[in-house]
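[1] just a sequence and a predicted model for now, questions to come.
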Amino acid sequence: DLFDGRSLHPFTQFVFMISSFVCRMKFLLLGSIAAMGGLVFAILFLPQWKKRAFHWVLRFPLLNRLFAKVALIRFFRAASTLLAGGVPIVSAFAQARSSVRHPILEQAIARAESAIAQGEPIHAPFANHPLIPPLVPRMLGIAEKGGNLDGMMRQIAEIYEEDLERALSHFSTIAQPALLLFLGVIVGFVLLSVLLPLTDVSSFASEP
């Protein structure tokens, strides 16, 4: 009733259109929300759905590299602990591989196990892999010569933990103002849609 007899600005018409759509389709929207909740539940608790979702996420290069870094941290941390406890290297790699949870890197580590069992240097199977940084095989090669493989693997895990923390810190630094700006645009848009028809500004805004 507040806007009866007034020339509505396109902003106001757009907000009214969205409000009318939500009121008409509320049951459909509630069903969509419930379906999304069911999908999230399936991804979190059903292994087959989780695997499919993970393969889909890996299609995005930035997310793929982020998950790869987390997987490498898990692997080298676990392998370092096992080697320090006296487990043979092939067995240590096989056991540490179960903590990776990254199918591409799991395959790379499995190939490394076979190569090492056949007598290849430990660092060789990790070279020239798109998801393994070049620093990793270089440090493993140094560790082979120095005989401190478990300590070097622990150091690799610490290096990439720090790198991951910096990346997440930079992301949060960018995400917070971006989110505030996005919310500010939405609130400002709604306020303009209400205020423009009630002020003289509407007559200027509606002119070509």
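    Yes, it's here.
[2] list the helices and strands the strand or helix carrying G31 packs on?
    Using DSSP states H and E, G31 sits within helix 26-45. The elements that helix 26-45 packs onto, with contact taken as 3 or more CB pairs under 8 Å, 6 or more residues apart in numbering; DSSP states H and E, are helix 47-57. From N, CA and C alone the C-beta is placed, and that goes for glycine too.
[3] can you give the distance of the helix holding G31 from its chain's centre?
    21 Å (CA atoms, centre = their mean, to the nearest Å).
[4] give me the angle between it and helix 47-57.
    Angle between the axes of helix 26-45 and helix 47-57 is 100 degrees (criterion: axes from the mean of the first three to the mean of the last three CA atoms, to 10 degrees).
[5] would you tell me which helix is longest in the chain?
    helix 149-195 (DSSP state H).
[6] average pLDDT across it?
    What helix 149-195 shows for mean pLDDT is 90.
[7] what do you get for stretch 39-49?
    80.
[8] spatially nearest residue to the spatially most central residue of the chain (excluding sequence neighbours)?
    Centroid check for the chain by CA atoms, centre = their mean gives L63 as the closest residue, at 4.7 Å. The shortest distance from L63 to any residue other than its chain neighbours is 5.3 Å, reached at V57 (CB to CB, 6 or more residues apart in numbering).
[9] now the one you found: how far from S80?
    V57 sits 27 Å away from S80, going by CB to CB, to the nearest Å.
[10] do the same with A68
    A68 is 18 Å from S80, by CB to CB.
[11] next one: phi and psi at G147?
    Dihedral angles of G147 (phi, psi; degrees, to the nearest 10) stand at phi 70, psi 30.
[12] now do it against A167, distance only.
    G147 is 32 Å from A167, by CB to CB.
[13] ok, those two, which is more surrounded?
    Remark: of G147 and A167, A167 carries more neighbours, 14 against 8, as counted by other CB atoms under 10 Å.
[14] please name the residues that touch that one.
    Residues near A167 by CB atoms under 8 Å, 6 or more residues apart in numbering: 66, 69.
[15] so what's the gap between stretch 178-194 and the chain middle?
    27 Å.
[16] ok, and what's touching that stretch?
    With CB under 8 Å, 6+ apart as the criterion, stretch 178-194 contacts 9, 11-12, 14-15.
[17] can you redo those residues as TSV with distance to L183 and neighbour count?
    Shown next, in TSV, are these (distance: CB to CB, whole Å; neighbours: other CB atoms under 10 Å):
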residue	distance to L183	neighbour count
H9	22	20
F11	17	19
T12	20	21
F14	18	13
V15	16	17
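[18] so what touches stretch 87-101?
    Residues from elsewhere that reach stretch 87-101, judged by CB under 8 Å, 6+ apart: 54, 71, 74-76, 78-79, 82-83, 106, 109-110, 112-113, 116-117, 122, 149.
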